[in-house]
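Student: after the sequence you'll find the predicted model.
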Amino acid sequence: MIEENGLHIYKCTDGKKVNSVTYYLKVLGSESIVKWSNYLGFNHRKYEDELEYAADVGSQVHESLHAYLDKSYKPHTIISDSFAEEMSEMAIMNLKSLFRDIPYETIYTEKEFASSKLGYGGTIDWYVKIGSRKFLGDFKTSKRVYNKHLLQLGGYYNLMKEAGEEPDGAFILRLKGLDRKIFFVSVDQLKYLGEIFNFLVKYSNFLRAETESELPQDKTITLESFRTKG
């Protein structure tokens, strides 16, 4: 994954560059984001700065979780302050607590996928074997799990399936604070979410079409075909 113009870009094996799964989720917007931005404005704080800080803290938490699950990985320091350290420690503690009595085997963490056919890429937080079943795991440090987080799983499922890996299910781990929770998603639900996500990609690309030439047109019909012959 690389960064271009502030966006996370994935490079496919054929050299094509594609946007991330989370890029397409932005078309959905969020009422909570609007309320948060209004609150920040009322308190004379810049929304963009706070959003960037929250993203950096989230990335630092992911780095810490990656290092915990893969002892060979050396985490990068994205942001270093007491809040980021506290969030990272809490996330690891919550993960340990949720899986205290559950034997598991990490298959991989933070693996990148990209597809020219699908037109997007993404990074899998955790692929894990529990018993005889394999699960796609996604970490969240938000206060709630939203529908767009489920759609994100659908996009990841599509990428994994095209690469020849099909999980038996998925889960979202909410690791913020003491209210830790795990949300399981069946493989049938993943397939359904994957279909919706692909439609979302088409919808997003349609909305972002910048020129008339990029819009779908039926060139077999013209005004000329309706003119009466004199």
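Tutor: Right, received. Where do you want to start?
Student: bridged to Phe113, which residues?
Tutor: Phe113 forms beta bridges with Gly122, as assigned by DSSP bridges.
Student: wait, it touches Lys161, no?
Tutor: No. In this structure, Phe113 sits apart from Lys161 without contact. The criterion is Cβ atoms under 8 Å, and the distance is 10.0 Å. Bear in mind the C-beta positions are built from the backbone N, C-alpha and C, glycine included.
Student: the two: which is more packed in?
Tutor: Set side by side, Phe113 and Lys161 show unequal neighbour counts under other Cβ atoms under 10 Å, the larger going to Phe113 at 21 against 15.
Student: so how far is His62 from that one?
Tutor: If you measure Phe113 against His62 using Cβ to Cβ, to the nearest Å, the figure is 16 Å.
Student: immediately after the helix or strand bottoming out on mean pLDDT in the chain, which helix or strand?
Tutor: None of the helices or strands of the chain scores lower by mean pLDDT, DSSP states H and E than helix 31-42, at a mean of 45. Sequence-wise, the next helix or strand beyond helix 31-42 is helix 47-69, with elements assigned using DSSP states H and E.
Student: in that next one, what counts as buried?
Tutor: Within helix 47-69, the residues that count as buried by 16 or more other Cβ atoms under 10 Å are 57-58, 60-69.
Student: CSV please, covering these and showing distance to Ala84.
Tutor: Formatted as CSV, the buried residues of helix 47-69 follow (distance: Cβ to Cβ, whole Å):
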residue, distance to Ala84
Val57, 5
Gly58, 9
Gln60, 5
Val61, 7
His62, 11
Glu63, 10
Ser64, 9
Leu65, 13
His66, 15
Ala67, 14
Tyr68, 15
Leu69, 19
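Student: residues in contact with the closest residue to Glu63 other than its chain neighbours?
Tutor: If you skip the residues right next to it in sequence, Glu63 has Pro75 as its closest partner in space, 4.0 Å away by Cβ to Cβ, 6 or more residues apart in numbering. Under the criterion of Cβ atoms under 8 Å, 6 or more residues apart in numbering, the neighbours of Pro75 are 63-64, 66-67.
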